[in-house]
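predicted model, plus sequence, below.
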Amino acid sequence: MSEQVSLGAIQETLLIPLYGRAQDARRGKSVLSDRKAIELTESIDYDFSKFRGPSLGGSVLRASIFDEYVREFLREHPSGTVVDLGCGLSTRFDRLDNGRLHWIDLDVEDTMALRRKHFEDSERYTMITGSIFDTDWFSAVAERPGPVFLLSEAVLLYFPAERVQSTLSRIAKQFPSTPLAFDTGGAFMMRSQDSNPVFKAVTARMEWICDDPKTLEQCGLQLRESRTFAQPQPSVVRTWPLQYRLAAKLLGRTAPVTTYKLNLFTTASG
C-alpha cells in the first residue's frame, strides 16, 4: 500500500531527482541502475507524472558526476567517512558502498522521517536528523573515522546567499583540509526557473546566485574543479547512453546550463 507524503516546499523538490533516477533505472541502458528509486516511487503516494522535462535526466547526470567525486575520494581513502548534507531520498551509499567506508546521511525532520521508513542504520551507515545550516552534526562526523568527504547536492541553491556563505565559512573552519562538493547556479539560470517544467509542479524556487564558484574562496574554500553537464569526468561520460551524451552537449551550449556548475572544493588548512 502506498503512503502519502507531507514535506515542506523545499523538501518536496527531493522527489524530482528520485523520479529522475527511477525513470533512468527503467531504461534499457541505465546510468545509475537505481532500482531502489523505482521501489521508492512505487511505495509513495504522489503524482510523479507531473514532473517532466530535461531536469529529470539532468538530475541523473548530476548524480553520476557527484558519484565520481566520491569515488575519487574513496580510491584514496577506502575507509573514510562520506557525509551527505541534505540527502533527501538519495541512494548514494548503496551505489558506492565498498564494504569499508563509513557514511552519514543528514536531513531535516520531515525528510528524515520519510527516509527512515525505507532505510535502516547499520554499523557503517548512520542517518541524522538535522540541517546543514546548524552545527549539531559536527560532533557526529568527528566521531567517525577520517578523512572526511562532505557533499551537498541540490540543497544550497534554495537559500539566500548570506546564509549559504556563512554556513560554508563555518564548515571550512570546523573541517580544515577537507574535500567539499556542491552545486552552484548563475543569474541566468535563476531567471529561467519559471520556464522549467519541473518548477511548475512545485512551489519552491532557487535563490542563491553564484556566477563564479571561485568567489567562494573568500569563505575559506579552495576550488579544485568545476564541471557542467557538457564537461563530466571522462570515466563518467563513458557510462552515459548516447542520448544522454548528445543531450549534454546540446544543453551545454545553453546559458542556463552553462551557469550551473558541479564543484569540488577543499577547505583551507587549519
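Arrived safely.

report the contact partners of residue 214.
Contact analysis of residue 214 by Cβ atoms under 8 Å, 6 or more residues apart in numbering lists residue 223. The way it works is simple: take the backbone N, C-alpha and C, and place the C-beta from them, glycine included.

what backbone torsions are found at it?
phi -60, psi -20 (degrees, to the nearest 10).

pull the helix or strand with minimum mean pLDDT from this structure.
Of all helical and strand segments in the chain, the minimum by mean pLDDT, DSSP states H and E falls on helix 255-258, at a mean of 57.

any stretches of the stretch 151-270 of the chain with poor pLDDT?
The stretch 151-270 of the chain contains residues with pLDDT under 70 at 251-258, 270.

can you give me the strands in it?
179-185, 221-227, 260-267 (DSSP state E, counting those that start in this stretch).

okay if I get the ones you listed as a markdown table plus mean neighbour count and distance to residue 36?
Output for these, formatted as a markdown table (neighbours: other Cβ atoms under 10 Å; distance: least, Cβ to Cβ, whole Å):
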| stretch | mean neighbour count | distance to residue 36 |
| --- | --- | --- |
| strand 179-185 | 23 | 22 |
| strand 221-227 | 17 | 25 |
| strand 260-267 | 22 | 22 |
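
now those as a markdown table including distance to residue 80?
Formatted as a markdown table, these follow (distance: least, Cβ to Cβ, whole Å):
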| stretch | distance to residue 80 |
| --- | --- |
| strand 179-185 | 10 |
| strand 221-227 | 17 |
| strand 260-267 | 14 |
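
closest one to residue 137 among the ones you listed?
strand 179-185 (14.0 Å; Cβ to Cβ).

just want the angle from the closest one to strand 260-267.
150 degrees (axes from the mean of the first three to the mean of the last three Cα atoms, to 10 degrees).

what's in contact with strand 179-185?
For strand 179-185, contacts defined as Cβ under 8 Å, 6+ apart pick out 62, 66, 69-70, 73, 149-157, 168, 171-172, 206, 208-210, 213, 216, 221, 224, 259-267.

wait, a strand at residue 6?
No. Applying DSSP: H, G, I helix; E, B strand; the rest coil, one finds residue 6 to be coil, outside a strand.

what's the closest non-adjacent residue to residue 12?
residue 202 (5.4 Å; Cβ to Cβ, 6 or more residues apart in numbering).

which residues touch the residue nearest to the spatial centre of the chain?
Nearest residue to the geometric centre of the chain (Cα atoms, centre = their mean): residue 153, 2.1 Å. Residue 153 sits next to 62-63, 66, 84, 86, 90, 181-183 when contact means Cβ under 8 Å, 6+ apart.

that one and residue 9, how far apart?
To residue 9, residue 153 is 18 Å away according to Cβ to Cβ, to the nearest Å.

measure residue 146 to residue 202 for me?
Distance, residue 146 to residue 202, by Cβ to Cβ: 37 Å.

equivalent analysis for residue 250, please.
With Cβ to Cβ as the criterion, residue 250 and residue 202 are 25 Å apart.

same question for residue 5.
Noted for residue 5: a distance of 13 Å to residue 202, by Cβ to Cβ.

now swap in residue 210 and tell me
21 Å.

and the two? Which one has more around it.
Comparing residue 210 with residue 202 by other Cβ atoms under 10 Å, the one with more neighbours is residue 210, at 24 against 15.

look up how far residue 232 lies from the more buried one.
Taking Cβ to Cβ, one finds residue 210 at 20 Å from residue 232.

in the protein, where's the longest helix?
helix 54-76 (DSSP state H).

let me know how buried the closest residue to residue 168 other than its chain neighbours is, in neighbour terms.
In space, and not counting its chain neighbours, residue 168 is closest to residue 219: 4.1 Å by Cβ to Cβ, 6+ apart. By other Cβ under 10 Å, the residues close to residue 219 number 19.
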